[in-house]
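Undergrad: I would like to see how this sequence folds:
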Amino acid sequence: MDIFVGSLPFKIKEEDLKSLFEQYGKVASVTIIIDNITRQNKGFGFVKMPNDRDALKAIKELNGAEVMGRKIKASKSESKEKDNRKAIELLRSGKVITKKKKVNVIGRYKDSKQKDEKTQKRDRRIKTLRHKRKRK
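TA: Take a look at the predicted model:
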């Protein structure tokens, strides 16, 4: 079972995290996510435990436990595949996933001709302001 571990201290090492979880059973792997630019850990990581019963016990015991002065959060990790499936279902249903990227139903960017009403109103206001400034 994959376990998500959050609110990790920035100075914790993978060996320390592994020894913490090994108290509850065998640990297959430990990964602490590191920022590519600063090379500092991002404060979260993942632990893989082959035995689900041991993993659930570790989650129960370590969720909220204090490690190096910080209370860590442990929970069952959700796979990326589920997130991808949800995104595909949203696209198929016709719902827009994000407002920042103006995405239409099939997932392509809208052309400039397909602006929504708010964008058109904003553009009209900007044009009128520019026109008024030029007159002065």
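Undergrad: all helices for this structure, in order.
TA: Here the chain has its helices, by DSSP state H, at 14-22, 52-62, 80-93, 117-135.
Undergrad: for this protein, what helix or strand is lowest in average pLDDT?
TA: Ranked by mean pLDDT, DSSP states H and E, the weakest helix or strand in the chain is helix 80-93, scoring a mean of 65.
Undergrad: which residues make contact with stretch 6-17 from outside it?
TA: Taking CB atoms under 8 Å, 6 or more residues apart in numbering as the criterion, the residues outside stretch 6-17 that touch it are 5, 30-32, 40-41, 43-45, 47, 67-75. The way it works is simple: take the backbone N, C-alpha and C, and place the C-beta from them, glycine included.
Undergrad: so of those, which ones are in strands?
TA: With DSSP state E as the criterion, strands contain 5, 30-32, 41, 43-45, 47, 67, 70-71, 73-75 from among the contacts of stretch 6-17.
Undergrad: Show me which pair in the residues you listed is furthest apart.
TA: Put simply, by CB to CB the two of the ones in strands among the contacts of stretch 6-17 set farthest apart are Thr31 and Lys71, 20.8 Å from each other.
Undergrad: Between the two, which is the more surrounded one?
TA: Neighbours per residue, other CB atoms under 10 Å: of Thr31 and Lys71, the larger number sits with Thr31, 14 against 11.
Undergrad: list the contacts for the nearest residue to that one once chain neighbours are set aside?
TA: Nearest-residue entry for Thr31: Phe46, 4.9 Å, with adjacent residues in sequence omitted and distances by CB to CB, 6 or more residues apart in numbering. Shown here is Phe46, whose contacts under the criterion CB under 8 Å, 6+ apart are Asp2, Ile3, Phe4, Val5, Val30, Thr31, Ile33, Ser77.
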